[in-house]
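**Q** Here is a sequence with its predicted model. Questions after.
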Amino acid sequence: MTTNNPQPQDEFYVNYLPMPRSWSAFLLKFLPLLIAGVLIFAYILPTVHDQYNKGGFSKRTDYLGYLVANPVPHLIVPRPGNTEAGADYSYYLLAAGNKAGPPKKVMEQAGNWVTLTGLPIARNNLTLLAAFKAETAEAPEGFDLDLKGKSLGEFTVEGEIVDPKCYNGVMKPGRTKTHRGCAIRCISGGIPPTLVSHNAQGDTIYFVLSDLEDQAVNDRVLNIVGDPLRITGEVVQFGDTFVLKADPETYEVI
């Protein structure tokens, strides 16, 4: 038996033939919805994703400071104006623009006053500069350079080791394997390891880690990055920054 109504034919996409009309109509409707969904997802996800807290980036800035290599690369920057109520200088940790310590051409200027061009990455009262270049500069007048710091005595501190670059830059997630893997990569590349701790009031306190000889501990802590630790050592204050001096062999996993 025959019929005058032709049977419908399925339309298949073949990459070397023109796209079927039904497929074109579907994609014209679907793609805008997909793009809108991705944008909405990207906007909402950071508000619910597991992280420590918000960090922030600023634009590239020039800093006049004294460049120091040990125990970790850092820049001592005098603070302008009346500083009687607080520290008279800022202590900025240094890194490169990627997952590494500051560039060799920058650290060649260590021990000098320099004008350093860097990108500040901040979280709470911890700031790291992604350093790009440094040029020798004249020392400022009337500034008493403090390279020894003030010993506050021996303390036992509990916390975890992070890298202050991705941690400051809103590392997500803020814990588990992804967080740990990122921190290990940064610290192995030369970014200063930092202990994040919390006091009884819930305030976050950061301790730059050093051994007893004022040397970096990067390659000696890679296997315990991100683990809960207890460290007993001497705390030395540099401005508003604390350095915790202890033998990495005595770090206790809790």
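**A** Yep, it's here.
**Q** isn't Asn168 right up against Ala130?
**A** No - counting by C-beta atoms under 8 Å, Asn168 sits too far from Ala130 to count as a contact (10.0 Å). From N, CA and C alone the C-beta is placed, and that goes for glycine too.
**Q** if you count what's nearby, which of those two comes out ahead?
**A** Shown here are Asn168 and Ala130; by other C-beta atoms under 10 Å, Asn168 has more neighbours (25 against 20).
**Q** And the more buried one, its phi and psi?
**A** The phi and psi values for Asn168, taken as degrees, to the nearest 10, are phi -70, psi -30.
**Q** gap between the strand or helix carrying Leu28 and the chain center?
**A** Assigned by DSSP states H and E, Leu28 belongs to helix 21-48. Relative to the chain's own centre, helix 21-48 is displaced by 32 Å; criterion: C-alpha atoms, centre = their mean, to the nearest Å.
**Q** Please enumerate the shared neighbours of Asn168 and Ala130.
**A** Counting by C-beta atoms under 8 Å, 6 or more residues apart in numbering, the common neighbours of Asn168 and Ala130 are Ile121.
**Q** On the pLDDT front, check the residue nearest to Val77 when sequence neighbours are not counted for me.
**A** The spatially closest residue to Val77, leaving aside those adjacent along the chain, is Gly65, at 3.9 Å (C-beta to C-beta, 6 or more residues apart in numbering). Note for Gly65: predicted pLDDT of 95.
**Q** Gly65: what's it in contact with?
**A** With C-beta under 8 Å, 6+ apart, Gly65 has these contacts: 75-78, 92, 113-114, 116.
**Q** Farthest-apart pair in those, please.
**A** Pairwise distances across the contacts of Gly65 peak at 14.3 Å for Tyr92 and Trp113 (criterion: C-beta to C-beta).
**Q** So for the two, which sits in the more crowded spot?
**A** Tyr92 (23 against 18).
**Q** ok, now which ones touch Ser197?
**A** The contact partners of Ser197, by C-beta under 8 Å, 6+ apart, come to 157-159, 204-207.
**Q** cutoff 7 Å now
**A** Counting by C-beta atoms under 7 Å, 6 or more residues apart in numbering, Ser197 touches 157-159, 205, 207.
**Q** One more: Asp203?
**A** If a contact means C-beta under 7 Å, 6+ apart, then Asp203 has no contacts.
**Q** Distance check, it against Gly233.
**A** Distance of Asp203 to Gly233, given as C-beta to C-beta, to the nearest Å: 20 Å.
**Q** continuing past the helix or strand harbouring Leu152, what's the next helix or strand?
**A** Per DSSP H and E: Leu152 is located in strand 150-162. Under the assignment DSSP H and E, the closest C-terminal helix or strand after strand 150-162 is helix 176-188.
**Q** how far is that following helix from where the chain is centred?
**A** Relative to its chain's centre, helix 176-188 lies at 11 Å (C-alpha atoms, centre = their mean).
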